[in-house]
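> give me a 3D structure for the following:
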Amino acid sequence: MHKVRLADKFAGFTEHWSPKIVGELNGQHVKLVKFQGDFVWHHHDHEDEMFLVVQGGFRMDYRDEGGGERSMELSEGEFVIVPRGREHRPSAAREVQVLLFEPATTLNTGNVRNERTVDVLETL
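The predicted structure is shown next:
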């Protein structure tokens, strides 16, 4: 067992859209990510994802079951769980620090492969 101080872990990297593993439990990863700007629209066929805002805020765009686009704003201390299969896109006007909780099999870009796809995550 060891204690994790989120501020120290976030201070250990600067790149955006590149999640870092900071913990593992029961087949799940606890990841930290910084991002700014728009991500790619994507979904995960088999995994739910939890986004917890540690510092800053962001907008989660998503497509409802009818295909319509919606969005929600998240602030520090708030989280959202994106259900598997739901198309979504995080977006932040300013840098945000987010804790992700998701199955270890989750690819950051889900069903999309592009320049932001990270196949092998760094562990901090």
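> tell me which residue is most central in this structure.
Centroid check for the chain by C-alpha atoms, centre = their mean gives Leu100 as the closest residue, at 4.9 Å.
> check contacts around the closest residue to Gly56 other than its chain neighbours.
Closest residue to Gly56 apart from its sequence neighbours, by C-beta to C-beta, 6 or more residues apart in numbering: Val96 at 3.6 Å. The C-beta positions use only the backbone N, C-alpha and C, and glycine is treated the same way. Val96 sits next to Lys34, Phe35, Gln36, Val53, Gln55, Gly56, Gly57, Phe58 when contact means C-beta atoms under 8 Å, 6 or more residues apart in numbering.
> excluding chain neighbours, what is closest to the last one?
Looking back up the chat, that one is Phe58. Ala92 (3.9 Å).
> hmm, back to that, among the contacts of Val96, which one lies nearest to Val118?
Within the contacts of Val96, proximity to Val118 (C-beta to C-beta) peaks at Phe35, which comes in at 12.2 Å.
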